[in-house]
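only geometry, no sequence info:
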């Protein structure tokens, strides 16, 4: 078995394990401690996984290697180590993009995947902002003031 084939097998097994854990976690109520423990295992698996060659990521995502490299250039996929001359991809980002690509394909999207994945990643990044999370929590508690635009004349 070649090195690339072995890496591909490992990556496929990792993603299958992660997808199974996520599926079980999502079946549990949000406040269930088992859910958060399973999701922490997913995070740990992804964080400790070896970076992926573009060829391996391409097979996982069902894309060409050329497309994967273009997505790296566009910032959709991330290099794991920018100081290395060899391109290896961040496993956590490949996993995030894998979810988006699967969802888009399930919805029938085959053209314009790059733009749609990029847009969804940008939208998701808003939810990582602490100030937005704080604002949403304030809104849910009924705090704050409603500000309406002045009537136009």
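Sure thing, it's come through. What you see is a predicted model, and the numbers here were worked out from it, not measured in a lab.

Lowest mean pLDDT among the helices and strands, pick that one out for the chain.
Lowest on mean pLDDT, DSSP states H and E among the helices and strands of the chain sits helix 113-126, with a mean of 71.

And the following helix or strand past that helix, what's buried?
Moving toward the C-terminus from helix 113-126, the next helix or strand (DSSP states H and E) is helix 130-140. Residues of helix 130-140 include none that count as buried (16 or more other C-beta atoms under 10 Å). Any C-beta I mention is one placed from the backbone N, CA and C, and that applies to glycine too.

List the contacts of residue 59.
Counting by C-beta atoms under 8 Å, 6 or more residues apart in numbering, residue 59 makes contact with 8, 11, 12.

List just the nearest of those residues to residue 84.
residue 11 (18.5 Å; C-beta to C-beta).

Please tell me how far the closest one sits from residue 101.
Going from residue 11 to residue 101 by C-beta to C-beta, to the nearest Å gives 15 Å.

Run through who's touching the longest helix seen in the chain.
Scanning the chain for the helix with the most residues, using DSSP state H, yields helix 3-26. Residues from elsewhere that reach helix 3-26 (C-beta under 8 Å, 6+ apart): 1, 34-35, 38-39, 41-42, 45-46, 49-50, 52-53, 55-57, 59-60, 91, 95, 98.

what's the closest non-adjacent residue to the residue most central in space within the chain?
By C-alpha atoms, centre = their mean, the mean C-alpha position of the chain lies nearest to residue 96, the distance being 1.5 Å. Excluding its sequence neighbours, the residue lying closest to residue 96 (C-beta to C-beta, 6 or more residues apart in numbering) is residue 121, at 7.1 Å.

Fine by me, thanks again.
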